[in-house]
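K.L.:
sharing a model prediction with you, sequence too.
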Amino acid sequence: MPALTLDRISKTYRAPRRPAWKRLLSPGKPPAQGFRALTDVSLSVEHGEFFGLLGPNGAGKTTLISILAGLAQASSGTASICGYDVVADYRESRRSLGVVPQELVYDPFFTVRETLRIQSGYFGLRHNDDWIDEILYNLGLSDKAESNMRALSGGMKRRVLVAQALVHRPPVIILDEPTAGVDVDLRRTLWEFISRLNKAGHTVLLTTHYLEEAEALCGRVAMLKRGRIVALDTTQALLARFGGVDLEDAFVRIMHDDTPLEVLA
Ligand SMILES: Nc1ncnc2c1ncn2[C@@H]1O[C@H](COP(=O)(O)OP(=O)(O)OP(=O)(O)O)[C@@H](O)[C@H]1O
C-alpha cells in the first residue's frame with residue numbers, strides 16, 4: 001500500500017456569492033463561475049520516497065497539500081495517506097501525516113516547548129518531552145525552548161513549524177516551501193535532519209521553488225502546471241529527457257512547452 005495516493009483529484013474553488021443587493025438589481029445575471037485549481041491529478045508515492053512536487057506560483061501545489069491534510073475538500077476524486085482515505089478515515093490519515101505549512105502560523109502566547117507540548121496533546125501524547133528535545137536539538141532550537149514564540153525571528157518560527165509537524169512521529173511528512181526566506185544554516189540543518197528521517201523510513205513530499213534543492217534531494221518529481229500534472233518521473237529521467245544542465249533547465253523547458261498538456265512520464 002503506497003504512503004500517499006491521489007486518484008483523479010479535481011478542485012474548483014467556488015466564486016464568492018454576490019451580495020443580496022446586487023442580486024436584486026440584476027436578478028437575471030448568472031452566478032460567477034468558480035476557479036478550477038486542480039484537474040484530474042493522479043499519483044502515488046511509495047513508502048520511503050523523497051518526492052518533489054514542483055510548479056510555478058498558482059499551479060495548485062498548496063491546494064493539493066490542503067486536500068491531503070484535510071484542510072480543503074476535493075470537488076471530485078479521492079486521496080489517501082497510508083491507505084487511509086483523507087475524508088472517510090480522517091483521524092487515521094491525519095495521524096499518519098505531518099505538514100509543515102507555507103504560512104507562518106503560531107500562537108504568540110506560548111513558549112516553543114509549550115507549543116510543542118500542545119501539539120503533542122492533539123495526538124494524545126502526554127509524555128513526549130524526550131522526542132521534543134531531540135527534535136529541538138536537531139533543528140538547532142535547544143536554546144530557544146523556553147523562549148516565547150513572538151520573540152523568535154522568522155527563520156526560527158519556521159523551525160518551530162517543522163518541529164510541530166514532527167511531534168507525533170508521522171510516517172509521511174509534507175513540507176510546503178519550508179526554506180522560503182530562511183538562512184543557509186537552517187537549510188543545511190533542516191535538510192540533514194529531514195534526510196535522516198527519510199533514511200529511517202519516513203516518506204517525504206516537498207514543494208519548493210529552489211530547484212537545486214529538489215534536484216539534490218528528490219528521487220522522483222511531479223510537475224504541476226495550471227492544476228494538471230505535466231511531468232512525473234525520476235529526477236534522473238527528467239534530466240536525461242529534457243537535457244539542459246540541471247532540473248531548473250528541465251523545469252523551464254517543460255513549463256514553456258505549449259504542446260497539449262499530457263503527462264510526460
Ligand atoms: N481559497 C481560495 N479561493 C479561491 N481561489 C483560490 C483559493 N486558494 C487558492 N486559490 C487559487 O488556486 C490556484 C492555486 O493556488 P495554490 O495556492 O494551490 O498554488 P501554489 O502552486 O501553491 O502556488 P505558490 O507556489 O504561489 O504557493 C491559484 O490560482 C489561487 O489563486
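P.N.:
Received, thanks.
K.L.:
quick one: furthest residue from the center of the protein?
P.N.:
Centroid-distance maximum for the chain: residue 25 at 43.0 Å, with C-alpha atoms, centre = their mean.
K.L.:
got phi/psi on it?
P.N.:
phi -70, psi -40 (degrees, to the nearest 10).
K.L.:
same check on residue 126?
P.N.:
The phi/psi pair for residue 126 (degrees, to the nearest 10) is phi -90, psi -40.
K.L.:
got the residues of the stretch 51-200 of the chain near the ligand?
P.N.:
55, 57-63, 102 (C-beta under 6 Å from any ligand atom). C-beta coordinates here come from the backbone N, C-alpha and C atoms, glycine included.
K.L.:
just curious, which of these is nearest to residue 221?
P.N.:
Distance to residue 221 across these (C-beta to C-beta) is lowest for residue 55, with 10.4 Å.
K.L.:
pull the contacting residues for that closest one.
P.N.:
Under the criterion of C-beta atoms under 8 Å, 6 or more residues apart in numbering, the contact list for residue 55 reads 61, 207, 223-225.
K.L.:
filter these down to just the ones in helices.
P.N.:
Among those, the members falling in helices (DSSP state H) are residue 61.
K.L.:
now the two most distant members of the contacts of residue 55.
P.N.:
207 and 225 (13.9 Å).
K.L.:
who has more neighbours, these two?
P.N.:
residue 207 (23 against 19; other C-beta atoms under 10 Å).
K.L.:
now that one: how far from the ligand?
P.N.:
7 Å (C-beta to the nearest ligand atom, to the nearest Å).
K.L.:
which strand residues bridge that residue?
P.N.:
Assessed by DSSP bridges, residue 207 has beta-bridge partners residue 176.
K.L.:
could you measure it against residue 233, distance?
P.N.:
The gap separating residue 207 from residue 233 is 17 Å, by C-beta to C-beta, to the nearest Å.
K.L.:
which helix or strand lies directly C-terminal to the least confident helix or strand in the chain by mean pLDDT?
P.N.:
Ranking every helix and strand in the chain by mean pLDDT, DSSP states H and E puts helix 20-25 at the bottom, with a mean of 76. As assigned by DSSP states H and E, the chain's next helix or strand after helix 20-25 is strand 35-45.
K.L.:
who's in contact with that following strand?
P.N.:
2-13, 15, 51, 60, 63-64, 67, 74, 77, 203, 205, 220, 222, 224, 227-229, 232.
K.L.:
now, of those, which are buried?
P.N.:
Buried by 16 or more other C-beta atoms under 10 Å: 2-6, 9-12, 51, 60, 63-64, 67, 74, 77, 203, 205, 220, 222, 224, 227-229, 232, out of the contacts of strand 35-45.
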